[in-house]
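Peer 1: Okay, predicted coordinates and the sequence, questions at the end:
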Amino acid sequence: MSETVVKFEYEKETKNSVRYKEIPDEGKAPIVGTLYVQKWFAGSSKVLQITIDKKD
């Protein structure tokens with residue numbers, strides 16, 4: 001098992017969702033890239049953090 005924390009910052013709003021772009025660690029490629037979150041959940045959050053638990 002491997003757990004990774006990925007951080008995202010607000011990019012723009014679309015009709016029903018909010019678009020966030022990944023903030024990759026320095027010198028590393030993005031893991032997810034762009035993330036769309038429904039407006040009802042995102043609210044006014046400017047930063048999101050997601051934990052990905054990879055099961056091998």
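Peer 2: In hand now; what should we look at?

Peer 1: biggest strand in this structure by residues?
Peer 2: Criterion DSSP state E: the longest strand present in the chain is strand 2-13.

Peer 1: Within its sheet, name the partner strands of that strand and how each one runs.
Peer 2: strand 17-23 (antiparallel), strand 47-54 (antiparallel) (DSSP bridges).

Peer 1: Give me the residues contacting that strand.
Peer 2: 18-23, 31-32, 34-35, 39, 45-54, 56 (Cβ atoms under 8 Å, 6 or more residues apart in numbering). (Each C-beta comes from the backbone N, C-alpha and C, glycine too.)

Peer 1: buried subset of these?
Peer 2: Buried subset of the contacts of strand 2-13 (neighbour count, 16 or more other Cβ atoms under 10 Å): 18, 20, 22, 35, 48.

Peer 1: does V47 have beta-bridge partners, and which?
Peer 2: With DSSP bridges as the rule, V47 is bridged to E9.

Peer 1: ugh, wrong one, R19
Peer 2: Beta-bridge pairing for R19 (DSSP bridges): K12, Y36.

Peer 1: follow-up on the earlier one: which two from the buried ones among the contacts of strand 2-13 end up farthest apart in space?
Peer 2: Largest separation among those by Cβ to Cβ: V18 and E22, giving 14.1 Å.
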